[in-house]
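Participant: Can you look at this prediction? I've put the sequence above it.
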Amino acid sequence: MDAGAVITILALLFFAFVALGVYVAVKVVGAAKRGVERTVTQARRTVEDTTLRAKSYGQGGVSGELAQLRLSLRTSMRATQETLQAGVAEDASLSESLALFRRLSAHGQELDAELKRLEREPDRATVASLLPALRERTERITHSAESLRWAARDRAGKFAEDDLDILSAQIDMEAGALRHWSADAPETGADHRPGRAADAGGAGSRAPGAPGERSWTEPDQAPEQPQAITAGEPRQQTTYPWQKSARPETSN
């Protein structure tokens with residue numbers, strides 16, 4: 001490979017690394033900017049809600065009524081939005097409800113902007129005449145938002161309850177399977193706790209061919225294979241550790 005090709009490849013790699021660095025830097029700056037904007041928006045919203053709450057409790061008349069309507073509207077819409085957005089991640093059927101809420105949210109934002117403009121309106125008599133209609137619009141929007149919110153919560157609660165019922169039934173079945181030994185045990189005065197069968201009856205008390213019971217704390221062991229005993233070949237006879245070794249016969 002000549003020097004020109006090597007220089008070209010190195011130049012391409014350099015520009016690729018530079019482009020990648022610029023891309024990563026743009027992504028990081030964008031994420032930081034969105035985080036700052038989200039923090040500022042949340043802080044502004046908190047301040048505005050605090051102001052509305054103070055006006056609704058501290059002021060009377062038209063100003064207090066407008067502040068109370070705005071606070072009720074914003075609180076209901078925000079709670080419904082959070083519920084639907086959290087639920088749609090686990091239940092895809094809530095996507096239609098979320099789409100309906102977005103359409104409702106447009107009406108809510110329009111009403112909130114109108115209530116905010118009326119707060120600065122100097123003609124309080126005209127604003128007072130508009131309050132019944134504004135109150136009705138607010139109640140309709142908040143009622144629709146609450147219907148979506150509570151329906152989503154009831155749906156999530158029903159799913160959780162059904163899952164708990166299934167889990168409880170499975171646990172009851174497993175508990176019954178774990179206690180199957182108590183139904184098979186004979187009704188006598190003997191101790192029928194698990195692990196006592198081997199001590200009380202021994203191997204001879206089991207029926208031929210029946211699976212042997214074992215203690216829960218003992219490992220499974222492979223059954224011993226019977227060994228053939230040949231009478232004519234003493235060397236092939238099975239010896240056991242408790243047997244005494246035969247003494248050699250002395251010649252007379």
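Facilitator: Cool, the structure landed.
Participant: Going by C-alpha atoms from here, please, whenever you check contacts or count neighbours.
Facilitator: Noted.
Participant: So residue 115: helix, strand or coil?
Facilitator: helix (DSSP: H, G, I helix; E, B strand; the rest coil).
Participant: What pLDDT does the model give it?
Facilitator: Residue 115 is assigned 93 on the pLDDT scale.
Participant: Next: the one 10 residues further on.
Facilitator: Looking at residue 125, its pLDDT reads 91.
Participant: ditto for the one 10 residues further on
Facilitator: pLDDT, the model's per-residue confidence, is 93 for residue 135.
Participant: and if you look at residue 52?
Facilitator: 75.
Participant: my guess is it contacts residue 67, does it?
Facilitator: Yes: the pair residue 52 / residue 67 is scored as a contact, 5.1 Å apart, by CA atoms under 8 Å.
Participant: Just want to know which of the two has more residues nearby.
Facilitator: residue 67 (24 against 21; other CA atoms under 10 Å).
Participant: what's the spacing between the more buried one and residue 146?
Facilitator: Using CA to CA, to the nearest Å, one obtains 20 Å as the distance from residue 67 to residue 146.
Participant: Over to residue 114?
Facilitator: Following CA to CA, the distance that separates residue 114 from residue 146 is 21 Å.
Participant: who's more crowded, the two?
Facilitator: Neighbours were counted for residue 114 and for residue 146 using other CA under 10 Å; residue 146 has more, 16 against 13.
Participant: For the chain, give me the ranges with low pLDDT.
Facilitator: 1-2, 36-38, 40-42, 44-45, 47, 58, 182-252 (pLDDT under 70).
Participant: residue boundaries of the helices in this structure?
Facilitator: Taking DSSP state H as the test, the helices found in the chain are 3-58, 61-88, 94-119, 124-178, 180-184, 197-200.
Participant: between the longest one and helix 61-88, how big is the angle?
Facilitator: Read that as helix 3-58. With axes from the mean of the first three to the mean of the last three CA atoms, to 10 degrees as the basis, helix 3-58 and helix 61-88 are set at 140 degrees to each other.
Participant: Are there helices or strands packed against helix 3-58, and which ones?
Facilitator: Here helix 3-58 touches helix 61-88, going by 3 or more CA pairs under 8 Å, 6 or more residues apart in numbering; DSSP states H and E.
Participant: So for the helix it packs on, what gets flagged as buried?
Facilitator: 62-74, 76-77, 80-81, 83-84, 87-88 (16 or more other CA atoms under 10 Å).
Participant: next one: stretch 89-102
Facilitator: 94, 97, 98, 101.
Participant: excluding its backbone neighbours, what's nearest the first one?
Facilitator: Think residue 94. residue 88 (5.2 Å; CA to CA, 6 or more residues apart in numbering).
Participant: Then the third one?
Facilitator: Take residue 98 and drop its neighbours on the chain: the residue closest to it by CA to CA, 6+ apart is residue 84, 6.1 Å away.
Participant: ok, now the second one?
Facilitator: For residue 97, the nearest residue in space outside its immediate sequence neighbours is residue 148; the separation is 6.9 Å by CA to CA, 6+ apart.
Participant: dump the residue contacts of that neighbour.
Facilitator: Residues in contact with residue 148 (CA atoms under 8 Å, 6 or more residues apart in numbering) are 80, 97, 101.
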